[in-house]
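K.L.:
Give me a 3D structure for the following:
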Amino acid sequence: MTNTEIVDLVLRLKKSLDSRQRVLECFCKYGVQVEGWLKGELLCFLDEEKGAGRIADFDREVTLDNTSKKKVDLGIKTSSRLGESEAIIELKHWLIGYQKGSKLNANFYFCDRTSVGIKPDVERLSNVSDRDKFLLILTTANPGTHDWTNGVNKFNTKFPPLHIESLTNPTEFPLFYYLGCLKVSKEAAP
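P.N.:
From the prediction side, this is the model:
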(Lines give C-alpha, C1' and ligand atoms only; values in the text may rest on other atoms or scores of the structure.)
Protein backbone atom coordinates (compact mmCIF):
# COMPACT_ATOMS: atom_id res chain seq x y z
CA MET A 1 0.00 0.00 0.00
CA THR A 2 1.58 3.28 -1.02
CA ASN A 3 1.85 6.32 1.22
CA THR A 4 -0.68 8.08 -1.02
CA GLU A 5 -3.18 5.21 -0.74
CA ILE A 6 -3.00 5.10 3.05
CA VAL A 7 -3.28 8.90 3.38
CA ASP A 8 -6.30 8.91 1.04
CA LEU A 9 -7.89 6.20 3.17
CA VAL A 10 -7.22 8.16 6.39
CA LEU A 11 -8.67 11.34 4.88
CA ARG A 12 -11.84 9.45 3.87
CA LEU A 13 -12.07 8.14 7.45
CA LYS A 14 -11.67 11.76 8.61
CA LYS A 15 -14.91 12.67 6.83
CA SER A 16 -16.70 10.06 8.93
CA LEU A 17 -15.07 11.08 12.23
CA ASP A 18 -15.71 14.78 11.65
CA SER A 19 -19.37 14.04 12.41
CA ARG A 20 -18.46 12.39 15.75
CA GLN A 21 -17.40 15.59 17.52
CA ARG A 22 -19.60 15.05 20.59
CA VAL A 23 -18.26 11.51 21.14
CA LEU A 24 -14.60 12.46 20.63
CA GLU A 25 -14.89 15.51 22.90
CA CYS A 26 -16.52 13.31 25.54
CA PHE A 27 -13.52 10.93 25.49
CA CYS A 28 -11.23 13.91 26.09
CA LYS A 29 -13.49 15.46 28.72
CA TYR A 30 -13.52 12.28 30.82
CA GLY A 31 -9.85 11.43 30.20
CA VAL A 32 -10.35 8.02 28.58
CA GLN A 33 -8.72 6.15 25.74
CA VAL A 34 -11.14 3.90 23.90
CA GLU A 35 -9.17 1.93 21.33
CA GLY A 36 -11.98 -0.61 20.95
CA TRP A 37 -14.33 2.17 19.84
CA LEU A 38 -11.81 3.20 17.17
CA LYS A 39 -11.53 -0.38 15.93
CA GLY A 40 -15.33 -0.66 15.71
CA GLU A 41 -15.57 2.59 13.73
CA LEU A 42 -12.78 1.42 11.43
CA LEU A 43 -14.36 -1.98 10.75
CA CYS A 44 -17.60 -0.31 9.68
CA PHE A 45 -15.68 2.21 7.57
CA LEU A 46 -13.52 -0.49 5.91
CA ASP A 47 -16.61 -2.55 5.12
CA GLU A 48 -17.97 0.48 3.24
CA GLU A 49 -14.61 0.98 1.50
CA LYS A 50 -14.59 -2.66 0.37
CA GLY A 51 -18.20 -2.42 -0.84
CA ALA A 52 -17.29 0.68 -2.87
CA GLY A 53 -14.30 -1.12 -4.41
CA ARG A 54 -11.71 1.26 -2.94
CA ILE A 55 -9.94 -1.60 -1.11
CA ALA A 56 -9.80 -5.26 -2.12
CA ASP A 57 -10.22 -6.73 1.37
CA PHE A 58 -9.46 -6.29 5.07
CA ASP A 59 -9.15 -8.42 8.17
CA ARG A 60 -8.80 -7.81 11.89
CA GLU A 61 -6.31 -9.41 14.28
CA VAL A 62 -3.84 -10.32 11.52
CA THR A 63 -0.98 -12.69 12.36
CA LEU A 64 2.44 -11.16 11.72
CA ASP A 65 4.15 -14.37 10.58
CA ASN A 66 3.68 -18.13 10.45
CA THR A 67 5.98 -18.84 13.38
CA SER A 68 4.48 -16.67 16.10
CA LYS A 69 1.15 -15.77 17.59
CA LYS A 70 1.85 -12.04 17.42
CA LYS A 71 -0.96 -10.06 15.83
CA VAL A 72 -1.75 -6.56 14.66
CA ASP A 73 -5.12 -4.84 14.68
CA LEU A 74 -5.80 -4.64 10.93
CA GLY A 75 -4.66 -5.88 7.56
CA ILE A 76 -5.80 -4.10 4.40
CA LYS A 77 -5.35 -5.36 0.85
CA THR A 78 -5.40 -3.12 -2.17
CA SER A 79 -5.39 -4.08 -5.78
CA SER A 80 -4.26 -2.10 -8.81
CA ARG A 81 -2.93 -2.70 -12.29
CA LEU A 82 0.47 -3.15 -10.63
CA GLY A 83 -0.80 -6.04 -8.51
CA GLU A 84 -1.99 -6.63 -4.97
CA SER A 85 -0.38 -5.16 -1.88
CA GLU A 86 -1.06 -5.57 1.80
CA ALA A 87 -0.59 -3.21 4.70
CA ILE A 88 -0.73 -3.97 8.39
CA ILE A 89 -1.94 -1.33 10.81
CA GLU A 90 -1.67 -1.11 14.58
CA LEU A 91 -4.20 1.20 16.26
CA LYS A 92 -3.69 3.50 19.22
CA HIS A 93 -5.89 6.04 21.00
CA TRP A 94 -4.07 8.77 22.88
CA LEU A 95 -5.64 11.28 25.21
CA ILE A 96 -4.20 14.76 24.72
CA GLY A 97 -5.10 16.68 27.84
CA TYR A 98 -5.55 15.77 31.48
CA GLN A 99 -6.10 12.33 32.98
CA LYS A 100 -6.53 12.18 36.76
CA GLY A 101 -4.50 15.37 37.19
CA SER A 102 -1.62 14.44 34.85
CA LYS A 103 -1.13 16.38 31.62
CA LEU A 104 -0.57 14.11 28.62
CA ASN A 105 0.77 15.27 25.27
CA ALA A 106 2.00 13.57 22.10
CA ASN A 107 5.63 13.99 23.14
CA PHE A 108 4.94 11.91 26.30
CA TYR A 109 3.55 8.99 24.27
CA PHE A 110 6.31 9.09 21.66
CA CYS A 111 9.03 8.94 24.33
CA ASP A 112 7.41 6.29 26.56
CA ARG A 113 9.15 2.88 26.30
CA THR A 114 6.16 0.89 27.62
CA SER A 115 2.96 -0.21 25.89
CA VAL A 116 1.49 3.21 26.77
CA GLY A 117 3.76 4.58 24.04
CA ILE A 118 4.46 3.17 20.58
CA LYS A 119 7.98 1.76 20.94
CA PRO A 120 6.88 -1.89 21.45
CA ASP A 121 4.47 -1.63 18.48
CA VAL A 122 7.11 -0.08 16.22
CA GLU A 123 9.62 -2.78 17.21
CA ARG A 124 7.15 -5.54 16.42
CA LEU A 125 6.08 -4.01 13.09
CA SER A 126 9.60 -3.14 11.96
CA ASN A 127 10.55 -6.83 11.95
CA VAL A 128 7.95 -7.60 9.26
CA SER A 129 9.44 -7.39 5.78
CA ASP A 130 6.70 -8.56 3.42
CA ARG A 131 4.07 -5.86 4.04
CA ASP A 132 3.80 -2.11 4.44
CA LYS A 133 3.52 -1.17 8.12
CA PHE A 134 1.63 1.70 9.71
CA LEU A 135 0.41 2.97 13.05
CA LEU A 136 -2.88 4.85 13.07
CA ILE A 137 -3.19 6.98 16.17
CA LEU A 138 -6.42 8.69 17.12
CA THR A 139 -5.70 11.58 19.45
CA THR A 140 -8.43 13.32 21.37
CA ALA A 141 -7.81 16.34 21.22
CA ASN A 142 -5.56 17.52 18.37
CA PRO A 143 -1.97 17.82 19.69
CA GLY A 144 -0.99 20.54 17.22
CA THR A 145 1.88 20.48 14.75
CA HIS A 146 4.66 21.43 17.18
CA ASP A 147 3.87 18.73 19.77
CA TRP A 148 3.33 16.05 17.09
CA THR A 149 6.43 16.84 15.02
CA ASN A 150 8.58 17.22 18.12
CA GLY A 151 7.38 13.81 19.33
CA VAL A 152 8.12 12.09 16.00
CA ASN A 153 11.61 13.62 15.91
CA LYS A 154 12.34 12.63 19.54
CA PHE A 155 11.17 9.05 18.87
CA ASN A 156 13.51 8.74 15.88
CA THR A 157 16.42 10.19 17.90
CA LYS A 158 15.75 8.13 21.04
CA PHE A 159 15.05 4.70 19.53
CA PRO A 160 17.27 4.05 16.48
CA PRO A 161 17.29 2.02 14.30
CA LEU A 162 13.50 2.24 14.66
CA HIS A 163 12.05 4.94 12.43
CA ILE A 164 8.64 6.49 11.95
CA GLU A 165 7.45 9.00 9.37
CA SER A 166 4.30 11.04 9.86
CA LEU A 167 2.13 10.97 6.74
CA THR A 168 -0.64 13.23 8.06
CA ASN A 169 -0.54 16.70 9.58
CA PRO A 170 -2.50 18.01 12.59
CA THR A 171 -3.36 21.20 10.67
CA GLU A 172 -5.66 19.13 8.40
CA PHE A 173 -7.86 18.11 11.35
CA PRO A 174 -10.21 19.91 13.75
CA LEU A 175 -9.21 20.82 17.30
CA PHE A 176 -11.17 17.94 18.88
CA TYR A 177 -9.19 15.08 17.28
CA TYR A 178 -6.37 14.02 14.98
CA LEU A 179 -5.60 10.86 13.01
CA GLY A 180 -1.85 10.48 13.02
CA CYS A 181 -0.74 8.03 10.35
CA LEU A 182 2.83 6.85 10.88
CA LYS A 183 4.80 4.73 8.43
CA VAL A 184 7.09 2.29 10.27
CA SER A 185 10.55 1.28 9.09
CA LYS A 186 14.10 0.68 10.25
CA GLU A 187 16.93 3.01 9.40
CA ALA A 188 19.68 1.46 7.31
CA ALA A 189 22.88 0.81 9.23
CA PRO A 190 25.60 3.41 8.46
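
K.L.:
Now the residue most central in space within the chain: which helix or strand?
P.N.:
By CA atoms, centre = their mean, the mean C-alpha position of the chain lies nearest to L136, the distance being 0.8 Å. For L136, the host element (DSSP states H and E) is strand 132-140.

K.L.:
where's that strand relative to the chain centroid, distance-wise?
P.N.:
0 Å (CA atoms, centre = their mean, to the nearest Å).

K.L.:
Packing partners of that strand?
P.N.:
Under the contact criterion of 3 or more CB pairs under 8 Å, 6 or more residues apart in numbering; DSSP states H and E, strand 132-140 touches helix 3-17, helix 21-29, strand 83-95, helix 119-126, strand 178-186. To be clear about C-beta, it is placed using only N, CA and C from the backbone, and glycine gets the same treatment.

K.L.:
tilt between the longest helix seen in the chain and helix 3-17?
P.N.:
Identified as the longest helix of the chain according to DSSP state H is helix 35-51. Angle of helix 35-51 versus helix 3-17, following axes from the mean of the first three to the mean of the last three CA atoms, to 10 degrees, is 110 degrees.

K.L.:
in helix 35-51, what counts as buried?
P.N.:
Buried positions in helix 35-51, judged by neighbour count with 16 or more other CB atoms under 10 Å: W37, L38, K39, E41, L42, F45, L46, E49.

K.L.:
ok, of those, which one's closest to A141?
P.N.:
Distances from A141 to the buried residues of helix 35-51, taken as CB to CB, are shortest for L38 (14.9 Å).

K.L.:
Run a quick check on the closest one versus E90, I expect a contact.
P.N.:
No - using CB atoms under 8 Å, L38 is not in contact with E90; the gap is 11.4 Å.

K.L.:
With mean neighbour count and mean pLDDT as extra columns, can I get the helices and strands packed on strand 132-140 in TSV?
P.N.:
Listed next are those as TSV, based on neighbours: other CB atoms under 10 Å; pLDDT from 0 to 100:
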stretch	mean neighbour count	mean pLDDT
helix 3-17	16	94
helix 21-29	16	95
strand 83-95	19	91
helix 119-126	19	93
strand 178-186	22	94
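
K.L.:
residue contacts, the residue nearest to the centre of the chain?
P.N.:
Applying CB atoms under 8 Å, 6 or more residues apart in numbering to L136 gives the contacts V10, L42, I89, E90, L91, K92, L179, G180, C181, L182.

K.L.:
Fine by me, thanks again.
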